[in-house]
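Everything below, folded, please.
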Amino acid sequence: MSITTKEFRYENLQEDETVILKVHGFIDENAEFPEISTLKAGHLVLDLEDVQLINSIGIRKWVLWLQNSTIPVTLRRCAPPIIEQVNILLGFIPEGAVVESFFIPFFCEKCNKNVNVLVTEGADYTLPGAHRGKIEAPSSQKCKVCSSPLEMDVLPQKYFKFLKL
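Here you go, the predicted model:
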C-alpha cells in the first residue's frame with residue numbers, strides 16, 4: 001500500500017511480523033503517518049533514505065506518531081536530516097529504538113558534488129555496551145566520477161553524537 005500527500009509519501013511493506021515503512025520526501029505539515037496500531041506488526045522498520053527535509057511541524061508530527069509505540073522500532077538507512085534531528089532532539093526516536101544504518105555526508109571538491117555514504121551497525125560502527133561504541137568512518141572514500149578523495153562534510157563529534165561514543 002502506498003499513500004501520497006503533496007511532498008510526502010510512504011510505502012508499507014509487510015514481511016511476516018515486520019512492517020517496513022519506506023518514507024520519501026518532506027516530513028512537514030502535509031505528512032500523514034499510518035496509525036501504528038493498524039499496521040499489524042511485531043516490529044516496525046523505518047527506511048528513511050529518501051527523506052529530504054523535516055521541518056518543525058514535521059518533527060512534532062513524527063514525535064507524536066512514535067511516542068506511544070508499543071512495538072520495537074528500527075531506523076534503517078537514515079538520511080542526514082533524520083540524523084540531525086536525532087542529535088538535536090531528545091525523544092525524536094522512541095526509547096529502545098535501534099539505528100541500524102545511516103548516511104554520512106561527504107563532498108567531492110573536484111566535482112563540487114555531495115555524496116552520502118551508508119554505514120551499517122556491526123560493519124562500520126558499534127553501539128555502546130560491553131564493547132565501547134566506536135565509529136569506523138569510511139574516511140578513504142573516493143568519488144565515483146573523478147576518483148578524487150571525498151571529504152567528510154560534517155563534524156564527527158556532532159554528527160555521531162547520537163551513538164553516545
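
Next secondary structure element downstream of the longest helix anywhere in the chain?
Taking DSSP state H as the criterion, the chain has its longest helix at helix 56-66. Downstream of helix 56-66, the first helix or strand assigned by DSSP states H and E is strand 73-76.

who's in contact with that following strand?
Residues from elsewhere that reach strand 73-76 (Cβ atoms under 8 Å, 6 or more residues apart in numbering): 20, 43-49, 66, 82, 93-94, 96-102. For the C-beta atoms, the positions are set from N, CA and C on the backbone; glycine is no exception.

Does Pro81 belong to a helix, a strand or coil?
Here Pro81 is helix, with the state taken from DSSP: H, G, I helix; E, B strand; the rest coil.

Pull the number of nearby residues for it.
When counting by other Cβ atoms under 10 Å, one arrives at 17 neighbours for Pro81.

Could you list which residues are in contact with the residue nearest to it when sequence neighbours are not counted?
Closest residue to Pro81 apart from its sequence neighbours, by Cβ to Cβ, 6 or more residues apart in numbering: Ile54 at 5.1 Å. When contacts are counted by Cβ under 8 Å, 6+ apart, Ile54 touches 26-28, 62, 81-82, 85.

just Val45 next, same as before
Contacts for Val45 (Cβ under 8 Å, 6+ apart) come out as 18-21, 73-76, 100.

Tabulate those (JSON lines), appending neighbour count.
Output for the contacts of Val45, formatted as JSON lines (neighbours: other Cβ atoms under 10 Å):
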{"residue": "Thr18", "neighbour count": "16"}
{"residue": "Val19", "neighbour count": "20"}
{"residue": "Ile20", "neighbour count": "17"}
{"residue": "Leu21", "neighbour count": "20"}
{"residue": "Val73", "neighbour count": "19"}
{"residue": "Thr74", "neighbour count": "18"}
{"residue": "Leu75", "neighbour count": "20"}
{"residue": "Arg76", "neighbour count": "19"}
{"residue": "Glu100", "neighbour count": "16"}
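
Cheers, nothing more for now.
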